[in-house]
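# What follows is a predicted protein model with its sequence.
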Number of protein chains: 2
Amino acid sequence: MKGEFELIDRLIQGWKFKQDVKIPPGDDSSAVIIEPTEGTLLLQTTDILVENVHFRREWGNAYQLGWKSLAVNLSDIAAMGGKPKHAHLSLAIPQKWSEESIIGLRDGFKALADIHEVDLIGGDLSLSKNDLLIAVSLNGIVHEDHVIRRKGANPGDVIWVSSYLGDAAAGLRCLQNNSENKGCTDLISAFSEPHPEIELGLLCAESAQTTAMIDISDGLAGDLGHILKASDAGAVLVEADLPISETLQSIAIAEEWDTTQMALYGGEDYRLLGCTGEQDFDSFASAVSRKLGRTIYAIGTITKDSGLRLKRRNGSIDEINPTAHDHFK
Amino acid sequence: MKGEFELIDRLIQGWKFKQDVKIPPGDDSSAVIIEPTEGTLLLQTTDILVENVHFRREWGNAYQLGWKSLAVNLSDIAAMGGKPKHAHLSLAIPQKWSEESIIGLRDGFKALADIHEVDLIGGDLSLSKNDLLIAVSLNGIVHEDHVIRRKGANPGDVIWVSSYLGDAAAGLRCLQNNSENKGCTDLISAFSEPHPEIELGLLCAESAQTTAMIDISDGLAGDLGHILKASDAGAVLVEADLPISETLQSIAIAEEWDTTQMALYGGEDYRLLGCTGEQDFDSFASAVSRKLGRTIYAIGTITKDSGLRLKRRNGSIDEINPTAHDHFK
């Protein structure tokens, strides 16, 4: 492998930066201008991806890892209604990684960054004795009157999600089982190259009809649990309304998977989970359809009573556990 | 170990935040207000510390690791003349680490953060199958008229450093050799708990007498090399003027270490290396002494001719290699 500084030179070769990047990579810190507007909040988030914890090398290529490492951070900015701006990418790289793989990872990162007009303005490189580690930090902006938090959901609010649930979890299962089912391709892609919902997040911020929001990273039940805890409320979900893709549906039948369990506890969808007042929901959903050509799915209701309940297809109501996937357990 | 969310709760228990932290840890992103002043630059830096690359577990305690992980980032903000503001701390933690060790690491981080009025506003936690990894991102502010870069050094400028050179490298050698020499305690402390030069950096920014600056992380020769490359200039260093601490001096005699080599190529001092016009140097040095009670050491001169030269004690002038420690080589 090349030396660190030659590798950095190669990684940033030919980059162009937007006007607000006043000092690009090459000094001790990079420097940007944040719009000096009264009430602008600077959002900051960071996420790490660790080999053999979050991913295995054989599950995909370097491009996908780069893409996903930014996607999970973009998703956090989307969940606040923010516009992402500047990213840092740091890598601890095992000796066995080729320079081409690192460039591939950078390419996947940059491809998604370009879609969302994010500038990659710095980072750090190190060797690693064992596992690849990817650490990303990302900032963004949102006006303080528009920021959407986990707290704020009110009893009666409609709970909605922005996409099918469980596809990424199913993709992971395909990878783990080395499945040759045809449908696995789409599901694996949902797991490996998630599409963070920046545009929808911005629309939520602008329309001011979203009372609370989070991105689905740990699974619907766990992430809704965070909203309920922060909002001091409970919820009822409707099993029949949980949106399941046709692909997942048909594989689930063949493989005898429980799609409700996957929808509730499967993580890594990186879609949005929001709450909207009952009186606003229809106009909000049609704005989303009109402006973004997207469907959002009502899946339940916020309640005054605490706890998370699931209304089953047979009409019974079960108490369910609002817990999430936890790497530590 | 506790679950991730319980551990996070414990890590942030009782924290207080300054007024500009509008959304503390607990949402998808944290949010801060950056002074909406025309010309304020937002500095952003990130550094990762990897077990068995940057440190070994037996070299120190968790508190020192936490301290150092922030120190190396603060040092990057100091080198731009910035005021550090908000940090994120992410950890990938091997199963064998106890919860108390993680709290200890957080304590070391927070202790240094408190000294420099930095708020720790977020981060990420993950397990790691093998090595501990610490990823820190830090922002800061500086006015665009005051920011100090690597480029800007002019022929004739005095090159100065803000402290003794080589102590950290000597401390590392003490650790590697398991040395029982008494003086090692101080040197190891220079390696394990470096003191980033935030105050001096701010004074440099304010006085506008520093033409170029960098922090000494990879070693004097390599870091000066970055200034020379960015400034399109060369330099002559004076061997007799390289400041060596008495402690290092005396151990070096006992152990037959070459202090000049250690001063030139030993990294991790995390002190400042700056350039100041010859006509300004005396007034700058006395301002540093008057306002901070500190000495800065003139160690050479920027030249029009490229290359890095060392004027030896015997009067001969040697071409030396402006290369730095490189984990990749």
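The structure has been received and is ready for your questions. The shown structure was predicted, so the numbers you read here are calculated from the model rather than taken from an experiment. Numbers count the residues shown, from 1 in each chain, chains lettered A, B, ... in the order given.
# Okay, the residue nearest the centre of chain A and chain B: tell me how far apart.
Centroid-nearest residue in chain A: A:Y270, 2.9 Å away (criterion: C-alpha atoms, centre = their mean). Here the criterion is C-beta to the nearest C-beta, to the nearest Å. By it, A:Y270 lies 11 Å from chain B. Every C-beta, even on glycine, is put in place using the N, C-alpha and C of the backbone.
# Next up, the contacts around that residue.
The contact partners of A:Y270, by C-beta atoms under 8 Å, 6 or more residues apart in numbering or on different chains, come to A:A71, A:V72, A:S75, A:A168, A:P194, A:H195, A:P196, A:E197, A:D215, A:I216, A:S217.
# What about chain B: which of these touch it?
A:S75, A:D215 (C-beta under 8 Å from any C-beta of the partner chain).
# mind giving me JSON lines with the contacts of A:Y270 and columns for secondary structure?
Output for the contacts of A:Y270, formatted as JSON lines (DSSP: H, G, I helix; E, B strand; the rest coil):
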{"residue": "A:A71", "secondary structure": "helix"}
{"residue": "A:V72", "secondary structure": "helix"}
{"residue": "A:S75", "secondary structure": "helix"}
{"residue": "A:A168", "secondary structure": "helix"}
{"residue": "A:P194", "secondary structure": "coil"}
{"residue": "A:H195", "secondary structure": "coil"}
{"residue": "A:P196", "secondary structure": "coil"}
{"residue": "A:E197", "secondary structure": "coil"}
{"residue": "A:D215", "secondary structure": "strand"}
{"residue": "A:I216", "secondary structure": "coil"}
{"residue": "A:S217", "secondary structure": "coil"}
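# Out of the contacts of A:Y270, the closest to A:R150 would be?
The nearest member of those to A:R150, counting by C-beta to C-beta, is A:D215 at 10.5 Å.
# I figured that closest one hits A:D76, correct?
Yes. At 6.3 Å, A:D215 counts as touching A:D76 under the criterion of C-beta atoms under 8 Å.
# higher neighbour count, these two?
A:D76 (29 against 26; other C-beta atoms under 10 Å in any protein chain shown).
# State the helix or strand in which that one lies.
helix A:62-78 (DSSP states H and E).
# which stretches of chain A have low pLDDT?
The model of chain A has pLDDT under 70 over residues A:1-2, A:36, A:325-329.
# domain parsing for it?
Chain A breaks down into these domains under automatic domain parsing: A:4-143, A:158-320.
# Show me the one of the ones you listed that comes nearest B:T295.
domain A:4-143 (22.7 Å).
# can you tell me the distance between the two ends of that closest one?
39 Å (C-alpha to C-alpha, to the nearest Å).
# Centre of the chain to it, how far?
Taking C-alpha atoms, centre = their mean, to the nearest Å, one finds domain A:4-143 lying 15 Å from the centre of the chain it belongs to.
# ok, now stretch A:140-154?
17 Å.
# same question, stretch A:198-215
For stretch A:198-215, the distance to the chain centre is 14 Å (C-alpha atoms, centre = their mean).
# Give the buried residues for that stretch.
Within stretch A:198-215, the residues that count as buried by 16 or more other C-beta atoms under 10 Å in any protein chain shown are A:198, A:200-205, A:207, A:209-215.
# For chain A, just list every one of the helices.
Ranges of helices within chain A are A:4-12, A:62-78, A:99-115, A:167-177, A:184-192, A:198-207, A:220-231, A:246-255, A:259-265, A:278-292, based on DSSP state H.
# Please identify the buried residues of the third one?
Neighbour counts using 16+ other C-beta under 10 Å place A:S101, A:I102, A:I103, A:G104, A:L105, A:R106, A:G108, A:F109, A:K110, A:L112, A:A113 of helix A:99-115 among the buried residues.
# which one among these gets closest to B:E51?
A:I102 (20.7 Å).
# The closest one and B:E256, how far apart?
According to C-beta to C-beta, to the nearest Å, A:I102 and B:E256 sit 40 Å apart.
# now swap in A:L125 and tell me
From A:L125 to B:E256 the distance is 34 Å (C-beta to C-beta).
# cool, and A:V158?
Separation of A:V158 from B:E256 (C-beta to C-beta): 76 Å.
# Which one of those two is surrounded by more residues?
A:V158 (22 against 6).
# Leaving aside the residues adjacent along the chain, what's closest to the more buried one?
The shortest distance from A:V158 to any non-neighbouring residue, by C-beta to C-beta, 6 or more residues apart in numbering or on different chains, is to A:F281 (4.4 Å).
# Counting neighbours, what do you get for that neighbour?
18.
# go on, A:I317?
11.
# now the one 4 residues further on
Residues near A:N321, counting by other C-beta under 10 Å, number 12.
# ok so, going back, relative to B:S90, which of the domains of chain A is closest?
domain A:4-143 (4.9 Å).
# Contact residues of the stretch 101-250 of chain A facing chain B?
Residues of the stretch 101-250 of chain A lying near chain B (C-beta under 8 Å from any C-beta): A:121-131, A:133, A:135, A:137, A:139-140, A:142, A:144, A:147, A:149-150, A:214-215, A:230.
# Go again with 10 Å.
Contact residues (C-beta under 10 Å from any C-beta of the partner chain) of the stretch 101-250 of chain A with chain B: A:121-131, A:133-142, A:144, A:147-151, A:201, A:212-215, A:217-218, A:222-223, A:225-226, A:229-230.
# Filter those residues down to the buried ones.
In those, the ones that pass as buried (16+ other C-beta under 10 Å) are A:121-128, A:130-131, A:133-142, A:147-151, A:201, A:212-215, A:217-218, A:222-223, A:225-226, A:230.
# Filter the residues you listed down to just the ones in strands.
A:121-128, A:133-142, A:212-215 (DSSP state E).
# coming back round to it: just checking, the residue nearest to A:V158 touches A:S207?
No. With contact taken as C-beta atoms under 10 Å, A:F281 and A:S207 are classed as non-touching, separated by 11.5 Å.
# A:L242: which of the buried residues of helix A:99-115 is nearest?
A:L112 (27.5 Å).
# chain center to stretch A:298-312, what's the gap?
With C-alpha atoms, centre = their mean, you get 23 Å for stretch A:298-312.
# Can you give me the buried ones in it?
For stretch A:298-312, by 16+ other C-beta under 10 Å, it's A:A298, A:I299, A:G300, A:T301, A:I302, A:T303, A:L308, A:R309, A:L310, A:K311.
# Can you report how many residues neighbour A:R294?
15.
# Starting from chain B, give me the distance back to A:A208.
17 Å.
# Disregarding residues adjacent in the polypeptide, which is nearest to that residue?
A:H146 (6.8 Å).
# Repeat that for A:L187.
A:G171 (3.7 Å).
# which residues does the one you found contact?
A:59, A:179, A:183-194, A:247-248, A:266, A:268-269 (C-beta atoms under 10 Å, 6 or more residues apart in numbering or on different chains).
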